[in-house]
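Q: Next comes the sequence, and after it the predicted model I'd like to discuss.
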Amino acid sequence: MCGWIRVSNLTDPGRVWQASPTPARRAWSRFKRHRLGYWSLLLFVAMTVLSLAAELISNDKPLLAQYDGRWYVPMVQNLPETNFGGDFDTPTDFLDPYIQAQFAKPGNWALYPINPYHHSTLNYFAKEPSPSGPSADNWLGTDDRGRDVLARLIYGFRVSVLFALALTLIGTVLGVFTGAVQGFFGGKTDLAFQRFIEIWSAMPELYLLIIFAAVFDPSVGLLLILLSLFGWMGLSDYVRAEFLRNRQLDYVRAAKALGLGPWAIISRHVLPNSLTPVVTFLPFRMSAAILALTSLDFLGLGVPPGTPSLGELLAQGKSNIDAWWISLSTFMVLVITLLLLTFMGDALRDALDPRKADL
Amino acid sequence: MSAVPKPLLSLRQWRVAFGANEVVHGIDLDVAAGERLALVGESGSGKTVTALGVLRLLGSARLSGHCWFDGEDLLQASEARMQQVRGQHIAMVFQEPMTALNPLFTIGDQLAEVFLLKMALSRQDAWHRCAEMLRQTGLTPVDRFMGSYPHQLSGGQRQRAMIAMALACKPKLLLADEPTTALDVSMRGQILDLLDTLQRETGTSILMITHDLNLVRRFADRVAVMEDGHVVESGAVQQVLNQPNHAYTRKLVDSRPQRHLAEVSADAPLVAQVQDVRVSYRTKPSGWRGWFSAGSLLAVESASFELRQGETLGVLGESGSGKSTLALALLGLLPFSGQLKLMGQSWQHQHSADLNLRRMVQVVFQDPFSSLSPRMTVEDVVGEGLRVHQARLPPQQRQIRVMQSLSEVGMTESEFPGLLQRYPHEFSGGQRQRIAVARALILQPRLLVLDEPTSALDVSIQKQLLQLLQRLQAQRGLSYVLITHDMQVIQAMAHQVLVMKQGQVVESGPALSVLEQPRHAYTQSLVQASTPDGPRL
């Protein structure tokens, strides 16, 4: 019974003691002190969240509309033109001057997104031939098929970031797993895995991509699989080295002497102490993944045609050298994204450096 | 020049600060010409920093006060002047000779460099002087050692080479920072003898930094005791150590652990029966043969002993003698051959079959900083064993058991608020070692393997931990296998002793009789080297 009283003392709010921060929390506070990295993270997260809501920001259908006293949500509804006084039973083209005139009548209105173009919108009523430069209608101009560059950048950024996140996640999980197995069990397992990695890394990745692009229909999923097959090797070496170091420390021996099984030792003791290189590399792996996707798209080996992508925009910029707005704006988006990730990576590396003291 | 004091080295109001953190608080210290001064203190007391500050080798630290050396204030000297002073007038010997020698050059090259740079001798003269220095420091045959690289030398030989380099220019003052701490016990006496002879021949003053009072008794003329950046007491060795005035000095002098052991009755149940245990490591032969065959290195050769309940077996030996390997074999963490029965059971080397035995045999390691996972709270660290062996215990019960175990090693919530939620980095070495003991005790083991449990701790903390272990043994009837190189620990703790050298058990028997009348020459040298009232040099 005495023990119970002592336990309740522990949670007594009257007691004055400050809970000591966990190692992760201390790293986070160090990260926050790194201003550039912290603001980069905030900006990057904001950009990503905004791009996830791209349909609300850049779309060719109004978010909400009232016509003849009736409410419509054109963004999610499929509305024939006949609803709004048109002649045909086809989906409404809200960029059509006739439809816009209908909505301009008193009592009718439509709330358009900030940028009234979807990435696939072909503006049949454009005032200038495409590609056209920046104007009040198209803030960053149009590409060679008359699609809005800003819309394509927003959607392209989203594809790039989601792709990079997925690729980083898969690569990290695979890399940590293989590195852990090699490092913890060591000996013959390690030897066999190391030889396998040497052979595997000698495979010509780019040729394989070209061959597969010719054999299969190009798709984001296929790219993800192919790039993941090769992306785990760099990380697994680091994790292996950390495991080799940590598994012979005394606290692991003590855990063995306590009778913990190998998987419990890996997950409770060795892994948490081996994750520093993994976390440090995350932003750099993301930027490498974005760059890989962009390069492949640029070469035409990437995502299927029609998908908005930064690499495809760069390729357009190359073939339309006069349309400077295409290449310049894409270039800026890429530079900013990669810079933000690099700043974050620097800050993370500092935050996880055990030699840095807490202030 | 009347203000200049007479001693060779004289520190006045000597302060060392790193940023806002002052570590040496205005100390006064004198070293007379030809004198041997020992600077004594526990880790963190600022003794090494004081010495490095004299040579202005501290980089970013802020130094203030006066450092009179031979009539010159070194704090005002130019950097170029300091380069002259270092090596030529004041030389230094470090604790760890392996890191202080350049691994890419031979001993001869490194020694000759001193003569070439500092004394501008010709190559041939320098080479002759090198040979002479090596002969003086006992590194003979000289030709062999001139051409050896640091890794080819033993620890003691490296320290001799370091001393040769330090004394090459016949400096007036030698700063020796724990010169024998990294060496084995039997080697320590030899290095001390060497320093003694050289000091007599050259008349160099020696400032010896150490935490070892035996060494002070044997070597120094005067002693200064440092605590927390202050010199709390100084004077002639005999006077300070025999009639200490300051409480801290008394604590240091009294830190010799006392023997409080209950006798073990002859019919106490047997905890461990070990017969002819051999452990060998696989090694790889050098060159192409390593591709095809594996060699083996015998780390422990036929160790045998019996251990009863409530009894302590001390395993004594120097580094590389196989004593830690024997510990790992006892814990069933290494494959071995021979008979090993613990509580009548033996290791199956299979996880589930060994679980029951694991609960009864626990371990405490030497280094308190690597023996606790830095990412687990104290509650997780200590409660880990319960998760394995009593997985169905409800969390509240587990927490109670953790707190009980911690309070048994003297760590309570009232002394360390929020104890359970703290992380290991918030505790000192001695406290971490207590946590490690609590982790072992929570399973209520019957045998505890202690692998150098005190050698990383300061002397006063060592005593506390040993007292704790003695108390636990008396209360619970625990049996210990205590691995150590420290004769004092054996003297205080062990009923039985096993002396190991290069994998072989050279002597064994009741601890006190072995220590009093060692039969084997090796044991005799160990006992002699660590006798507190050993021959004064």
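A: Cool, got the structure. Just so we're clear, the structure is a prediction, and the values are computed from it rather than from any experiment.

Q: can we go C-alpha only for contacts and neighbour counts from here?
A: Noted.

Q: Contacts for stretch A:221-237 next, please.
A: The set of residues that contact stretch A:221-237 without belonging to it, under C-alpha atoms under 8 Å, 6 or more residues apart in numbering or on different chains, is A:163, A:166-167, A:170-172, A:174-180, A:197, A:200-201, A:205, A:209, A:278, A:302-303.

Q: let's see 7 Å
A: The list of residues contacting stretch A:221-237 from outside it, by C-alpha atoms under 7 Å, 6 or more residues apart in numbering or on different chains, reads A:167, A:170-172, A:174-176, A:178-179, A:197, A:302.

Q: so where does the residue of the stretch 151-300 of chain B found nearest chain A fall, helix or strand?
A: Going by C-alpha to the nearest C-alpha, chain A is nearest to B:Arg282 of the stretch 151-300 of chain B, at 11.7 Å. Here B:Arg282, judged by DSSP states H and E, is contained in strand B:270-283.

Q: Give the buried residues for that strand.
A: Taking 16 or more other C-alpha atoms under 10 Å in any protein chain shown as the neighbour-count basis, strand B:270-283 is seen to contain the buried residues B:270-275, B:277-281.

Q: What of stretch A:77-92?
A: A:79-81, A:84, A:92.

Q: Would you enumerate the residues in contact with residue 176?
A: No chain was given, so I picked chain A. A:236, A:239.

Q: Let me rephrase: I mean chain B.
A: If a contact means C-alpha under 7 Å, 6+ apart, then B:Ala176 has B:92-94, B:207-209 as its contacts.

Q: let's go with 8 Å and repeat that
A: Applying C-alpha under 8 Å, 6+ apart, one finds that B:Ala176 lies in contact with B:92-95, B:206-209.

Q: B:Phe94 now?
A: B:Phe94 sits next to B:100, B:176-179 when contact means C-alpha under 8 Å, 6+ apart.

Q: Nearest to B:Gly108, out of the contacts of B:Ala176: which one, please.
A: When the contacts of B:Ala176 are compared for distance to B:Gly108 (C-alpha to C-alpha), B:Val93 wins out at 17.5 Å.

Q: what's the helix or strand for the nearest residue to the closest one once chain neighbours are set aside?
A: If the residues on either side of it in the chain are set aside, B:Val93 comes closest to B:Ala176, at 4.7 Å by C-alpha to C-alpha, 6 or more residues apart in numbering or on different chains. When elements are assigned from DSSP H and E, B:Ala176 belongs to strand B:173-177.

Q: Describe which strands that strand pairs with in its sheet and in which direction.
A: Sheet pairing here is set by DSSP bridges, and for strand B:173-177 it gives strand B:90-93 (parallel), strand B:205-210 (parallel).

Q: The shortest one - what's its average pLDDT?
A: With pLDDT averaged residue by residue, strand B:90-93 scores 90.

Q: can you tell me how far A:Leu169 sits from chain B?
A: From A:Leu169 over to chain B the distance is 23 Å, taken as C-alpha to the nearest C-alpha, to the nearest Å.

Q: Remind me which helix or strand that residue belongs to.
A: Following DSSP H and E, one finds A:Leu169 within helix A:149-185.

Q: next one: A:Ser29
A: Secondary structure from DSSP H and E places A:Ser29 in helix A:23-33.

Q: so after that helix, what's the next helix or strand?
A: The C-terminal neighbour of helix A:23-33 among helices and strands, as given by DSSP H and E, is helix A:35-52.

Q: Could you tell me the angle between that next one and helix A:149-185?
A: Relative orientation of helix A:35-52 versus helix A:149-185 (axes from the mean of the first three to the mean of the last three C-alpha atoms, to 10 degrees): 120 degrees.

Q: need the helices for the stretch 51-200 of chain A, in chain order.
A: With DSSP state H, counting those that start in this stretch applied, the stretch 51-200 of chain A shows helices at A:54-57, A:97-104, A:149-185, A:187-201, listed in chain order.

Q: Give me the pLDDT for A:Leu313.
A: At A:Leu313, the model reports a pLDDT of 92.

Q: returning to that earlier point: lowest-confidence member of the contacts of B:Phe94, which is it?
A: Looking across the contacts of B:Phe94, the weakest pLDDT belongs to B:Ala100, with 78.

Q: That residue and B:Val93: what is the separation?
A: 9 Å (C-alpha to C-alpha, to the nearest Å).

Q: Give me the common contacts of the two.
A: Counting by C-alpha under 8 Å, 6+ apart, the residues touching both B:Ala100 and B:Val93 are B:Met162.

Q: which one of the two has more residues nearby?
A: Neighbours of B:Ala100 and B:Val93, each counted by other C-alpha atoms under 10 Å in any protein chain shown, are more numerous for B:Val93; the result is 22 against 14.

Q: isn't the more buried one right next to B:Met162, touching?
A: Yes: in terms of C-alpha atoms under 8 Å, B:Val93 counts as a neighbour of B:Met162; the distance is 6.4 Å.

Q: For A:Ala180, see how far away the nearest residue to the residue of the stretch 151-300 of chain B closest to chain A once chain neighbours are set aside is.
A: Beyond its immediate neighbours in the sequence, the residue positioned closest to B:Arg282 (C-alpha to C-alpha, 6+ apart) is B:Ser296, lying 4.4 Å away. Applying C-alpha to C-alpha, the value for B:Ser296 to A:Ala180 is 28 Å.

Q: and if you look at B:Leu52?
A: Distance from B:Leu52 to A:Ala180, by C-alpha to C-alpha: 43 Å.

Q: Comparing those two, which residue is more hemmed in?
A: When neighbours are counted by other C-alpha under 10 Å, B:Leu52 and A:Ala180 differ, and A:Ala180 comes out ahead with 27 against 15.

Q: Let me know whether B:Glu408 touches B:Ala440 as I believe.
A: No: in this structure, B:Glu408 is not within contact of B:Ala440 by C-alpha under 8 Å, at 11.7 Å.

Q: Of those two, which one has the most company?
A: In this comparison of B:Glu408 against B:Ala440, neighbours counted by other C-alpha under 10 Å, the higher total goes to B:Ala440 at 28 against 18.

Q: does the more buried one sit in a helix, a strand or a coil?
A: Under DSSP: H, G, I helix; E, B strand; the rest coil, B:Ala440 falls in the helix class.

Q: any idea how far A:Asn83 is from A:Gly133?
A: In this structure, A:Gly133 and A:Asn83 are 34 Å apart, going by C-alpha to C-alpha.

Q: For A:Thr280, give me its contacts.
A: With C-alpha under 8 Å, 6+ apart, A:Thr280 has these contacts: A:345, A:348-349, A:352.

Q: Looks to me like it is in a helix.
A: Yes: secondary structure assignment (three-state DSSP) places A:Thr280 inside a helix.

Q: Read off the pLDDT value for it.
A: Confidence per residue is given as pLDDT, and for A:Thr280 that number is 87.
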